[in-house]
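> give me a model of this one.
(one chain, ligands or ions: 2)
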Amino acid sequence: MKLPTIKHIRAYSMGGAAAKVHGQGGGDYHDQGKDHWIDDHIATPMSKYEEYKQSRQSFGINVLGTLVVEVEAFDGTTGFAISTAGTVGCFIVEHHLSRFVEGKRVDQIKLIHDQMLNATQYYSGGGGVVINTISCVDLALWDLYGKVVKLPVYKLLGGAVRDEIHFYATGARPDLAQKMGFIGGKMPTHWGPADGDEGIAKDIATLKEMRERVGDNFWLMFDCWMSQDVNYATKLAHAAAPYKLKWLEECFPPQQVESYRQLKQNMPKGMLMTTGEHTGTLEGFKELSEAGVDILQPDVGWCGGVTSLCEIAAVAKSRGQLVVPHGSSVYSHHAVITFTNTPFSEMLMTSPHADYVRPQFDPVLIDEPVPHDGIITAEELDKPGFGVELNRECPLERPFEH
Ligand SMILES: C[C@H](O)[C@H](O)CC(=O)C(=O)O
Ligand SMILES: [Mg+2]
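Ligands and ions are numbered 1, 2, ... in the order given. I've put the predicted structure just below:
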């Protein structure tokens with residue numbers, strides 16, 4: 001089969017600080033409307049400032065917005081993907097990354113990936129919005145390749161190692177997640193070091209209440225979104241052990257590898273330490289792996305795309321660790337179903353009260369699969385590329401052209 005070359009790459013944004021329409025969700029899943037569990041007094045590194053404690057949107061968690069990257073081949077096939085990078089990402093795609101994409105054959109993904117990573121070394125700082133943008137281009141390229149050869153991405157990656165993916169749910173209501181068929185529920189912590197022992201007591205009270213509602217065998221986890229220090233995290237871990245907390249997630253910012261190493265030593269035996277969603281380099285994941293993180297949690301839209309996610313999974317595998325990506329819906333599903341060290345996956349609940357399953361990237365993707373009874377089957381992924389289409393009724397803007 002003679003493969004076509006890539007004619008054009010375009011970048012669109014939706015939501016974020018530069019847009020007229022807010023609170024839609026999409027690729028920037030923190031850009032939700034009012035009264036959403038995801039913006040209700042969640043502990044963050046900004047919680048030490050009283051004025052930024054109640055709402056993450058108050059300090060700008062949703063300023064970036066959604067980035068949509070579309071790639072078009074000379075045979076007329078198009079692929080696309082979404083991530084979090086908005087207008088900033090659009091600039092990088094149109095004015096910088098486009099040169100590495102246009103003119104290449106649709107299967108030259110690893111070459112394009114390497115050129116994008118190396119050409120942005122001087123301003124990427126090893127992560128953040130630049131890597132989100134590169135991830136989005138990488139995902140769009142995998143989608144295009146799959147659509148050209150009419151195969152799902154997971155088959156291009158070597159095929160499924162299991163027939164179905166089982167999910168835990170992240171949200172404010174593990175008790176409801178249990179009723180929806182999920183295997184566990186991960187809750188945000190609402191308090192942090194600035195609240196001292198009282199903060200620990202309040203989060204433990206919620207854990208205790210949830211444990212009473214779900215019984216002994218349902219997994220419960222805490223997501224700490226970089227809000228803690230080693231002393232606080234150690235105390236929280238020990239206070240949570242009687243309630244069978246399965247893991248403590250992302251206690252510290254990604255660069256604080258030493259803190260993770262110390263926490264692992266301090267934690268009760270059997271409790272897992274997890275992190276990785278804000279790490280953007282393979283080297284960063286290697287360090288976290290070496291520090292003893294039990295489950296690496298890259299976000300496929302923020303870590304370099306599927307191409308990087310496969311490399312990160314191999315790093316984890318080399319130490320007998322798991323890789324369980326941070327949310328990211330279809331972009332994750334097609335990769336994890338091919339990994340032997342991903343026995344389950346995450347569903348991020350974007351319904352305002354976490355009381356029903358809403359597609360994570362709603363409303364931007366058409367046909368985005370969601371777990372039923374906590375499961376998505378390999379069969380449901382059997383469509384070319386990532387198996388989703390772009391909802392062109394969304395208020396997409398193209399701020400730059402090349
Ligand atoms: C709930 C967390 O603060 C965050 O919004 C999502 C996350 O970190 C996760 O799903 O993991
Ligand atoms: Mg998390």
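
> all the strands of this structure, in order from the start?
6-14, 66-73, 78-84, 164-170, 184-188, 219-223, 245-249, 272-275, 295-296, 322-323, 345-348, 365-366, 375-377, 389-390 (DSSP state E).

> export the fifth one to CSV, keeping only CA atoms.
What follows is strand 184-188 as a C-alpha-only set of coordinates in CSV (Å, rounded to 0.1, in the frame of the first residue of the first chain):
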residue,chain,number,x,y,z
GLY,A,184,-12.9,1.9,42.8
GLY,A,185,-13.3,5.6,43.5
LYS,A,186,-10.6,8.3,43.8
MET,A,187,-11.6,11.5,45.6
PRO,A,188,-9.7,14.8,45.8
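
> what is the mean pLDDT for that strand?
Mean pLDDT, computed over strand 184-188, is 98.

> what residues does that strand touch?
38, 42-43, 168-175, 177-178, 206-207, 210, 214, 218-225, 246, 249, 346 (Cβ atoms under 8 Å, 6 or more residues apart in numbering). Just so you know, the C-beta spots here come from the backbone N, C-alpha and C atoms, and that holds for glycine as well.

> number of residues surrounding whichever residue of the stretch 101-250 of the chain sits closest to ligand 2?
Nearest residue of the stretch 101-250 of the chain to ligand 2: Asp223, at 4.2 Å (Cβ to the ion). Neighbour count of Asp223, defined by other Cβ atoms under 10 Å: 23.

> is it in a bridge, and if so with what?
Beta bridges link Asp223 to Pro188, Glu249 when assigned by DSSP bridges.

> quick check: it vs Thr78, distance?
Separation of Asp223 from Thr78 (Cβ to Cβ, to the nearest Å): 36 Å.

> now Tyr49
For Tyr49, the distance to Thr78 - Cβ to Cβ - is 44 Å.

> which of the two has more neighbours?
Ranked by neighbour count (other Cβ under 10 Å), Tyr49 and Thr78 place Thr78 first, with 19 against 12.

> distance of that one relative to ligand 1?
For Thr78, the distance to ligand 1 (Cβ to the nearest ligand atom, to the nearest Å) stands at 30 Å.

> likewise for Thr342?
If you go by Cβ to the nearest ligand atom, the gap between Thr342 and ligand 1 works out to 15 Å.

> and Tyr145, by the same measure?
28 Å.

> Ser332 now?
11 Å.

> with Ser345 instead?
Distance from Ser345 to ligand 1, by Cβ to the nearest ligand atom: 11 Å.

> over to Ala378?
23 Å.

> just checking, that residue touches His333?
No - under the criterion of Cβ atoms under 8 Å, Ala378 is not in contact with His333, lying 9.2 Å apart.

> so which residues on the stretch 151-300 of the chain come close to ligand 2?
Counting by Cβ under 5 Å from the ion, the positions of the stretch 151-300 of the chain adjacent to ligand 2 are 223, 250.

> now Gly173. Nearest residue, chain neighbours left out?
No, residue 173 isn't Gly; it's Arg. Of all residues not flanking Arg173 in the chain, Ala354 sits nearest, at 4.4 Å (Cβ to Cβ, 6 or more residues apart in numbering).

> surely the residue of the stretch 101-250 of the chain closest to ligand 2 meets Trp247?
No - Asp223 is beyond contact range of Trp247, at 9.2 Å (criterion: Cβ under 8 Å).

> overlap in contacts, Ala378 and His333.
With Cβ under 8 Å, 6+ apart, Ala378 and His333 have common neighbours Tyr154.

> looking at the two, which is more packed in?
His333 (26 against 20).

> for ligand 2, give me its nearest residue in the stretch 1-150 of the chain.
Counting by Cβ to the ion, the stretch 1-150 of the chain gets nearest ligand 2 through Ile42, at 10.5 Å.

> from Gly89, how far out is the residue of the stretch 101-250 of the chain closest to ligand 2?
25 Å.

> same question for Pro242.
45 Å.

> surely Gln24 is in contact with His30?
No - Gln24 is not in contact with His30 according to Cβ under 8 Å; the separation is 11.4 Å.

> is any part of stretch 24-41 close to ligand 1?
Yes - Stretch 24-41 comes into contact with ligand 1 (Cβ under 6 Å from any ligand atom), by way of Ile38.

> got a markdown table for the strands of the chain, with distance to Phe400 too?
Formatted as a markdown table, those follow (distance: least, Cβ to Cβ, whole Å):
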| stretch | distance to Phe400 |
| --- | --- |
| strand 6-14 | 7 |
| strand 66-73 | 12 |
| strand 78-84 | 17 |
| strand 164-170 | 34 |
| strand 184-188 | 35 |
| strand 219-223 | 35 |
| strand 245-249 | 36 |
| strand 272-275 | 34 |
| strand 295-296 | 34 |
| strand 322-323 | 34 |
| strand 345-348 | 30 |
| strand 365-366 | 23 |
| strand 375-377 | 36 |
| strand 389-390 | 18 |
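
> since that was my last question, I'll sign off now.
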